[in-house]
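>>> Okay, here's the prediction I keep looking at, along with the sequence it came from:
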Amino acid sequence: MKTVIHERLLPFLLLAGLLWGAARARAQGAPPAAQSSPPRAGENASAAPAVHTVSSRFSRVVVVRLKYDTDMLEGLKTAVAQEKITNAVILSGAGSLTSYHVHVVSNTTFPPTNAFIKGSGPYDLLTTTGYVIDGRVHAHIAFSDTQKTLGGHLEPGTKVFTFAVITLGVLEEGADLKRVDDYRWR
């Protein structure tokens, strides 16, 4: 009976010890063990860690509504500029489209190449995801018609039909996303 209780408590005790150690390290000013930062200028740019994390809270949430016939990418760029957003996470997006223009990766060797796809017709905008990185919009969309679902990296020429609503989680000042979409950092 005593062994069974100890076996059940052991994972909780280990977790408590790890959390206590992390809290102690944070209190002493040490960064958490799982967090790393990108190399500074002059350092080896190809020495990316296998896992890179950026921690931040949202300073605010911005909901963007784009009206009929607005170019979705240009509308997002305008909203980012108006709201003075430096770094953000695109949390969601929904609406409808009359046309799309996206690109997708078309190979599996470096450097990557892209295939550009365009179309027009009635489409539901299912989701919008991505980031705002130093004021630059890096957005992906998924959309569907009655036959298929498509998606890819948002390009100019994707036009809104009824509306599009995109939600941005704006990161606190100091969040550094500069390298998160740099394929050369590997």
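Thanks, I have the structure now.
>>> Tell me where this protein has helices.
2-27, 72-82 (DSSP state H).
>>> What sits closest to residue 48 if chain neighbours are left out?
residue 185 (4.4 Å; C-beta to C-beta, 6 or more residues apart in numbering). Any C-beta I mention is one placed from the backbone N, CA and C, and that applies to glycine too.
>>> burial count for the one you found?
Per other C-beta atoms under 10 Å, the neighbour tally for residue 185 reads 16.
>>> I figured it hits residue 178, correct?
No: taking contacts as C-beta atoms under 8 Å, residue 185 lies outside contact range of residue 178: 9.4 Å.
>>> For residue 157, give me its contacts.
Residues near residue 157 by C-beta atoms under 8 Å, 6 or more residues apart in numbering: 71, 99, 100, 101, 118.
>>> Among those, name the buried ones.
71, 99, 100, 101 (16 or more other C-beta atoms under 10 Å).
>>> Could I get these in a markdown table, plus columns for distance to residue 155 and pLDDT?
Converted to a markdown table, those look like this (distance: C-beta to C-beta, whole Å; pLDDT from 0 to 100):
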| residue | distance to residue 155 | pLDDT |
| --- | --- | --- |
| 71 | 10 | 98 |
| 99 | 11 | 98 |
| 100 | 8 | 98 |
| 101 | 4 | 98 |
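>>> And the furthest pair within these?
71 and 100 (11.2 Å; C-beta to C-beta).
>>> tell me, what's touching those two both at once?
Common neighbours of residue 71 and residue 100 (C-beta under 8 Å, 6+ apart) are 157, 158.
>>> Show me how the chain divides into domains.
Taking automatic domain parsing as the criterion, the chain consists of the domains 1-34, 58-171.
>>> Return the most buried member of these.
Stretch with highest mean neighbour count among the domains of the chain: domain 58-171 (a mean of 17; mean count of other C-beta atoms under 10 Å).
>>> and that one, how far apart are its ends?
In domain 58-171, first residue to last residue: 5 Å (C-alpha to C-alpha, to the nearest Å).
>>> angle of the strand ranked longest in the chain against helix 72-82?
The residue-count maximum for a strand in the chain (DSSP state E) belongs to strand 114-133. For strand 114-133 against helix 72-82, the angle by axes from the mean of the first three to the mean of the last three C-alpha atoms, to 10 degrees is 20 degrees.
>>> What mean pLDDT does strand 114-133 get?
Strand 114-133 comes out with an average pLDDT of 98.
>>> Test my guess that residue 174 contacts residue 56.
Yes: applying C-beta under 8 Å as the test, residue 174 and residue 56 come out as touching, 7.4 Å apart.
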